[in-house]
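*Asks:* With the input below, show me the fold.
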Amino acid sequence: MAREAKEREPKQLLHLVFGGELKSLDEIAFKDLSKLDIVGIFPNYKTALAAWRAAAQQTVDNAHMRYFIVHIHRLMEPVSLKRR
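*Replies:* Numbering: from 1, shown residues only. All right, here's what the predicted structure looks like:
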């Protein structure tokens, strides 16, 4: 029975949403790493995208401010699983 419940749970595909002010618009290099805005870690892309949109919307007037979504679940997979 525990196995059936586990099979019904959606797979956790963790995503990190963060942002910060860039040094320039030509590259992704942050002006001050101590001021990065860590929005949070989310269980799937859909919720991460909603958080990214909300954070980006709040800083729309600052062209140097950028938010990103990092697919943490891809970084956590062992190499052997990626080759399948």
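
*Asks:* buried set for the host helix or strand of residue 75?
*Replies:* Assigned by DSSP states H and E, residue 75 belongs to helix 72-76. Taking 16 or more other Cβ atoms under 10 Å as the neighbour-count basis, helix 72-76 is seen to contain no buried residue. Bear in mind the C-beta positions are built from the backbone N, C-alpha and C, glycine included.

*Asks:* Distance from the chain centre to that helix, please.
*Replies:* 11 Å (Cα atoms, centre = their mean, to the nearest Å).

*Asks:* how near is the closest residue to residue 28 other than its chain neighbours to residue 37?
*Replies:* Residue nearest to residue 28 in three dimensions, not counting chain neighbours: residue 22, with 6.6 Å by Cβ to Cβ, 6 or more residues apart in numbering. Residue 22 sits 13 Å away from residue 37, going by Cβ to Cβ, to the nearest Å.

*Asks:* who has more neighbours, the two?
*Replies:* residue 22 (17 against 14; other Cβ atoms under 10 Å).

*Asks:* which residues does that one bridge with?
*Replies:* residue 30 (DSSP bridges).

*Asks:* OK, contacts around it?
*Replies:* 28, 29, 30, 31, 64, 65, 66 (Cβ atoms under 8 Å, 6 or more residues apart in numbering).

*Asks:* Counting neighbours, what do you get for residue 62?
*Replies:* Counted with other Cβ under 10 Å, residues neighbouring residue 62 total 10.

*Asks:* And it, its phi and psi?
*Replies:* phi -110, psi 100 (degrees, to the nearest 10).

*Asks:* do residue 31 as well
*Replies:* Here is the backbone geometry of residue 31 (degrees, to the nearest 10): phi -60, psi -40.

*Asks:* Is it in contact with residue 25, as I believe?
*Replies:* No. Using Cβ atoms under 8 Å, residue 31 makes no contact with residue 25, being 11.9 Å away.

*Asks:* Which residue of the two possesses the greater neighbour count?
*Replies:* Between residue 31 and residue 25, counted using other Cβ under 10 Å, residue 31 has the larger neighbour count: 13 against 9.
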